[in-house]
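Asker: below are the sequence and a predicted model for it; my questions follow.
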Amino acid sequence: MALQKRATERSIRRLLKLFVDPDSKLQYMAALTLQKTGVGVDGEVQLVNVLATADKKRQKSIVDLLTTVGSPASLAALDELANSPTASLVQYGAARAAARIRLRAGMPVSS
């Protein structure tokens with residue numbers, strides 16, 4: 001909770017560690033704080049790397065966070081997840097996250 005009030009760029013590494021840890025009881029608080037502070041380029045790369053191997057619950061959490069703080073750097077991973085042949089909430093979330101990132105970046109949403 002202290003990090004949520006006083007988080008800075010220096011806090012991002014610690015917050016990401018709490019966020020991606022499947023056993024963390026502080027994942028929700030870390031996510032809220034990361035939405036406020038952002039994740040930075042290195043943090044976004046870390047999230048994208050975890051996204052590929054995470055279970056569905058963790059994927060959904062990462063996709064939800066990227067919806068808010070993601071940049072075009074995460075589009076390839078989100079598009080890959082969105083184009084999955086199996087329909088799921090994660091697939092829908094990835095498509096939504098990719099669309100929001102494209103809108104924020106002034107990119108066309110569809111070709």
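Answerer: Nice, thanks for sending it over.

Asker: which residue lies nearest the spatial centre of the protein?
Answerer: Nearest residue to the geometric centre of the chain (Cα atoms, centre = their mean): Leu66, 2.9 Å.

Asker: which residues does whichever helix or strand it is part of contact?
Answerer: In this assignment (DSSP states H and E), Leu66 forms part of helix 56-69. For helix 56-69, contacts defined as Cβ atoms under 8 Å, 6 or more residues apart in numbering pick out 19-20, 22, 27, 31, 34-35, 38-39, 44, 47, 50-51, 54, 74, 78, 81, 88-90, 93-94, 96-97, 100-101. (C-beta placed from N, C-alpha, C; glycine too.)

Asker: this protein: helices as residue ranges?
Answerer: Remark: helices assigned in the chain by DSSP state H are 2-6, 12-20, 27-37, 40-53, 56-69, 75-82, 89-105.

Asker: would you mark the buried spots in the last one?
Answerer: Right, the one you point to is helix 89-105. Buried residues in helix 89-105, counted by 16 or more other Cβ atoms under 10 Å: Val90, Gln91, Gly93, Ala94, Ala95, Ala97, Ala98, Ala99, Arg100, Ile101, Arg102.

Asker: same check on the fourth one?
Answerer: Within helix 40-53, the residues that qualify as buried are Gly40, Gly43, Glu44, Gln46, Leu47, Val48, Val50, Leu51, counting by 16+ other Cβ under 10 Å.
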